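*Asks:* Fold the following, please.
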Amino acid sequence: MAGSVPAPTSPLTLASLCLVVLVAFVVESAAGFGGTVVSVSLGSQLMPVDDVLLRFLPANLLLSLVMVIRTWRHVDARTLFVKIAPFMGLGMIVGTIAAKVASPEIVKVLFAAFVLALAIIELRKPQASTRADTPGQVEDSAPPAKPLSLAVSALALVAAGILHGMFACGGPLAVWVAGRDLPDKSRFRATLSALWLVLNGVLVVGYLVERKITVASGRDSAMLVVPLVVGMIVGERVHRSLSPARFRRAVFVLLGVAALVLLARSIVTMTR
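*Replies:* I've put the predicted structure just below:
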């Protein structure tokens with residue numbers, strides 16, 4: 001993976017990737033999570049994980065920038081730069097190095113295993129209450145979880161950084177930690193948007209330094225902005241009309257199936 005310049009994208013592959021990004025950001029807007037995980041899970045069926053990321057991240061970076069500009073007053077700078085970013089940054093160094101030295105098929109296997117484990121964990125969680133499973137009604141509020149200990153938080157964030165360095169998908173672990181430190185929804189959303197802007201900005205700069213981002217891949221990224229924005233708009237409508245609990249389960253079933261297919265294909269390729 002290290003230093004390789006991606007091959008030009010065929011029109012059919014690019015169209016398929018646009019559809020993947022559209023689906024991913026419908027999910028992101030409707031469920032409040034998962035845009036990158038869905039994009040990479042489905043997009044890696046079309047091309048190597050690294051090639052998906054170098055096309056997807058510049059477009060997603062633009063979205064994060066817009067979010068931060070709109071919500072910067074709510075960013076909790078202390079939590080972001082003292083509690084979260086240093087540990088995730090350390091993990092990202094490890095994850096980025098691991099992604100460079102591993103073969104694309106091994107990276108796919110690791111990513112598929114991560115997504116499959118994430119899907120299983122989420123699907124095993126207790127069902128939400130009836131109220132939460134009914135469109136138009138609000139889920140019963142639960143008391144905020146207690147903040148994690150420094151040791152547990154640090155380990156989780158380093159692990160999140162490793163995943164982010166390899167797949168730009170360290171979000172689930174980062175959300176688990178940040179959600180306990182930032183119970184206020186506005187601060188939580190704004191701070192995480194700023195986090196993704198910083199971390200994904202580092203990844204994009206790395207791609208630029210390695211000259212992986214070319215004029216051709218930049219054009220592909222520009223094409224992805226349209227389905228990304230449309231997906232966010234459609235997702236808002238889906239969010240208002242569908243059951244959040246059932247939608248989340250459907251998303252994780254989709255992710256689990258995609259991970260199983262990717263895992264099987266990668267293992268078959270490696271054993272040939």
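*Asks:* Might you list the low-confidence residue ranges for the chain?
*Replies:* By pLDDT under 70, the low-scoring segments of the chain are 1-7, 31-33, 127-145, 272.
*Asks:* Apply 50 and report the result again.
*Replies:* 1-3, 129-142 (pLDDT under 50).
*Asks:* All the helices of it, residue numbers only.
*Replies:* Using DSSP state H, the helices of the chain run over 11-31, 35-43, 49-71, 77-78, 85-101, 104-123, 150-167, 171-181, 185-209, 215-241, 244-271.
*Asks:* what sits up against the shortest one?
*Replies:* Contacts with helix 77-78, where a contact means C-beta atoms under 8 Å, 6 or more residues apart in numbering, come from no residue at all. Where C-beta positions appear, they are placed from N, C-alpha and C, glycine not excepted.
*Asks:* Also the fifth one?
*Replies:* Identification of contacts with helix 85-101 by C-beta under 8 Å, 6+ apart yields 1-2, 50, 107, 153-154, 157-167, 170, 174, 195, 198-199, 202-203, 206.
*Asks:* on that earlier part again, would you mind giving the helices of the chain as TSV with mean neighbour count added?
*Replies:* Output for the helices of the chain, formatted as TSV (neighbours: other C-beta atoms under 10 Å):
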stretch	mean neighbour count
helix 11-31	20
helix 35-43	26
helix 49-71	21
helix 77-78	10
helix 85-101	18
helix 104-123	18
helix 150-167	21
helix 171-181	19
helix 185-209	19
helix 215-241	16
helix 244-271	17
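*Asks:* Enumerate every residue touching the closest residue to L53 other than its chain neighbours.
*Replies:* Excluding its sequence neighbours, the residue lying closest to L53 (C-beta to C-beta, 6 or more residues apart in numbering) is A168, at 5.4 Å. Applying C-beta under 8 Å, 6+ apart to A168 gives the contacts 36, 40, 53, 56-57, 199-200, 203.
*Asks:* and which of those is nearest to K83?
*Replies:* Checking these against K83 by C-beta to C-beta gives L199 as the nearest, at 14.4 Å.
*Asks:* ok, the closest one touching H164?
*Replies:* Yes. Look at L199 against H164 with C-beta atoms under 8 Å: they come within range, at 5.7 Å.
*Asks:* quick one: contacts for M223?
*Replies:* M223 neighbours (C-beta under 8 Å, 6+ apart): 14, 18.
*Asks:* Tell me the spacing between the closest residue to L80 other than its chain neighbours and S241.
*Replies:* Excluding the flanking residues, the one nearest L80 by C-beta to C-beta, 6+ apart is T191, at 5.2 Å. Separation of T191 from S241 (C-beta to C-beta, to the nearest Å) stands at 29 Å.
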